[in-house]
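Colleague: structure, please.
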Amino acid sequence: MDLSNVCWSARIPPLGAGIPRLARLDAVQDAWRRRFGPGAPLTVIADRSLRHQIGRAERPRFDALLGSGAMTLAPTADPELLRLARDRQWYVVSGDQFLDLRRDHPWIAGAADRFLGWDLRGGRLVLRPSGIREVPEQQISRAVEAKSLKWPHRIDVRDPAHLRVLRSHWRCSGPRCLRALLWPDHLLDWPTLTAQGAVLCPACNSALTEAGPRGAVRSLVVSDAASGTELVRFPLCQDTPVLLGRGRLAHGINLEAPELRQSPAIGRVSRRHLMLNLTAAPGGPRITAVDLGSGNGTVVERGEPGAVPRALEPGGEVVLGDRDALRLGDAVTVRVSGRRWFADEDLALPVLAQTDGAQPTRLVT
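Modeller: As a prediction, the model looks like this:
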């Protein structure tokens with residue numbers, strides 16, 4: 001059982017949102033025993049942060065449960081829950097769909113009967129299937145990217161103030177920052193926020209300067225074609241072309257950068273392999289890709305059923321749909337992520353207040 005998920009659920013007595021309530025454990029334990037018998041064992045795992053989130057009045061009981069061995073703590077409960085459920089064929093009691101962990105645990109969708117949520121029926125809590133189902137890869141991407149923004153960037157996509165940061169370009173002036181040298185006009189990746197709301201460079205921790213609104217944004221994912229291992233994902237901003245290849249690339253993504261996950265497949269990618277751009281179009285922003293005369297070629301893989309892969313001619317341009325992918329050198333795959341950061345991206349975007357008296361500038365490319 002995921003104790004953190006249980007304690008935060010406003011649908012378990014005592015009802016109501018707010019702080020997590022340890023008392024909700026009792027209702028779930030009772031429902032478990034009614035379903036599986038009074039002697040049925042129940043392993044309780046909680047996020048380590050839960051003790052600091054529950055009210056002070058419940059902390060002595062929390063400590064007693066921990067001290068007696070009736071509960072264990074993990075930095076994050078979900079991976080431990082899923083590991084035990086996979087290895088021991090156990091049930092999982094949680095209201096979570098585990099979308100951000102589906103790639104690590106592909107067995108989840110095929111074991112829906114072992115994932116239990118809860119309902120109140122006639123004033124009594126009962127366990128029932130939590131509704132685990134197959135989900136599209138794009139939906140998994142949304143969950144993964146939301147988590148990747150929260151850690152380590154500390155950006156919460158549900159927080160309007162944080163979304164305002166995502167809606168802006170940011171420039172780093174760190175004198176020794178490699179990313180500032182490669183991307184002098186504005187960083188291509190996301191900034192990092194402090195608890196006080198300061199916007200910092202993710203590479204050198206220097207304070208960033210706003211460099212105008214981002215406009216529409218899509219996220220692209222680069223993976224090893226053979227293993228599916230994700231190598232990097234990055235935002236593509238409207239009217240800001242990005243080079244993809246190997247080696248130092250101004251305004252580009254260097255797949256050989258030491259901070260990225262490495263793969264032998266990268267060696268099949270040309271130094272200047274692909275140009276990607278997000279442009280305005282009557283039906284909404286669209287992604288275009290141009291092969292820059294790569295040595296090992298680019299293949300377009302359409303997502304429609306029955307579509308036949310085709311080679312992209314050197315210098316040829318293709319519009320990349322949400323379900324499409326590009327295969328570079330028959331070794332590296334580039335696809336559009338499922339996440340579209342801003343539901344209102346076609347509206348006028350707010351400009352953040354300047355901290356140094358500088359006027360915001362719109363990047364011209």
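Colleague: make it CA atoms for all contacts and neighbour counts henceforth
Modeller: Will do.
Colleague: mind giving me the domain ranges of this structure?
Modeller: With automatic domain parsing as the criterion, the domains of the chain are listed as 3-129, 139-213, 217-336.
Colleague: could you dump the ones you listed to a markdown table with mean pLDDT and mean neighbour count?
Modeller: Below are the domains of the chain laid out as a markdown table (pLDDT from 0 to 100; neighbours: other Cα atoms under 10 Å):
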| stretch | mean pLDDT | mean neighbour count |
| --- | --- | --- |
| domain 3-129 | 94 | 16 |
| domain 139-213 | 88 | 18 |
| domain 217-336 | 92 | 18 |
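Colleague: my guess is residue 249 meets residue 243, correct?
Modeller: Yes. Here residue 249 reaches residue 243: they are 7.0 Å apart, a contact under Cα atoms under 8 Å.
Colleague: gap between residue 292 and residue 268?
Modeller: Applying Cα to Cα, to the nearest Å, one obtains 14 Å for the distance of residue 292 from residue 268.
Colleague: beta partners of residue 116?
Modeller: Counting by DSSP bridges, residue 116 forms beta bridges with residue 93, residue 129.
Colleague: pretty sure it sits against residue 97.
Modeller: No. In this structure, residue 116 is not within contact of residue 97 by Cα under 8 Å, at 10.5 Å.
Colleague: any shared contact partners between these two?
Modeller: Listed as contacting both residue 116 and residue 97 by Cα atoms under 8 Å, 6 or more residues apart in numbering are residue 130.
Colleague: what packs against the one helix or strand residue 35 maps to?
Modeller: Secondary structure assigned from DSSP states H and E places residue 35 in helix 24-36. For helix 24-36, the packing partners by 3 or more Cα pairs under 8 Å, 6 or more residues apart in numbering; DSSP states H and E come out as helix 3-8, strand 124-129.
Colleague: and with 10 Å instead?
Modeller: Here helix 24-36 touches helix 3-8, strand 115-121, strand 124-129, going by 3 or more Cα pairs under 10 Å, 6 or more residues apart in numbering; DSSP states H and E.
Colleague: could I get these as a markdown table with distance to residue 73?
Modeller: Listed next are these as a markdown table, based on distance: least, Cα to Cα, whole Å:
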| stretch | distance to residue 73 |
| --- | --- |
| helix 3-8 | 10 |
| strand 115-121 | 20 |
| strand 124-129 | 23 |
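Colleague: sorry, back to before: need the overlap of contacts for residue 249 and residue 243.
Modeller: Residues within reach of residue 249 and of residue 243 at once, by Cα atoms under 10 Å, 6 or more residues apart in numbering, are 271, 272.
Colleague: now do the SS call for the residue most central in space within the chain.
Modeller: Centroid check for the chain by Cα atoms, centre = their mean gives residue 145 as the closest residue, at 1.4 Å. Put simply, residue 145 is helix when judged by DSSP: H, G, I helix; E, B strand; the rest coil.
Colleague: I figured it hits residue 100, correct?
Modeller: Yes. When contacts are counted by Cα atoms under 10 Å, residue 145 is listed as touching residue 100 (8.3 Å).
Colleague: not counting its own residues, what contacts stretch 192-205?
Modeller: Looking at what lies outside stretch 192-205 - Cα under 10 Å, 6+ apart - the contacts are 149-156, 161-162, 165, 170-180, 187, 189-191, 206-210, 259.
Colleague: now, these that are in helices?
Modeller: Counting by DSSP state H, the members of these that fall within helices are 149, 150, 161, 162, 165, 178, 179, 180.
Colleague: among those, which two are most distant?
Modeller: 161 and 178 (28.2 Å; Cα to Cα).
Colleague: which one is residue 214 nearest to, not counting chain neighbours?
Modeller: Sequence neighbours aside, residue 168 is the residue nearest to residue 214 in space, at 4.9 Å (criterion: Cα to Cα, 6 or more residues apart in numbering).
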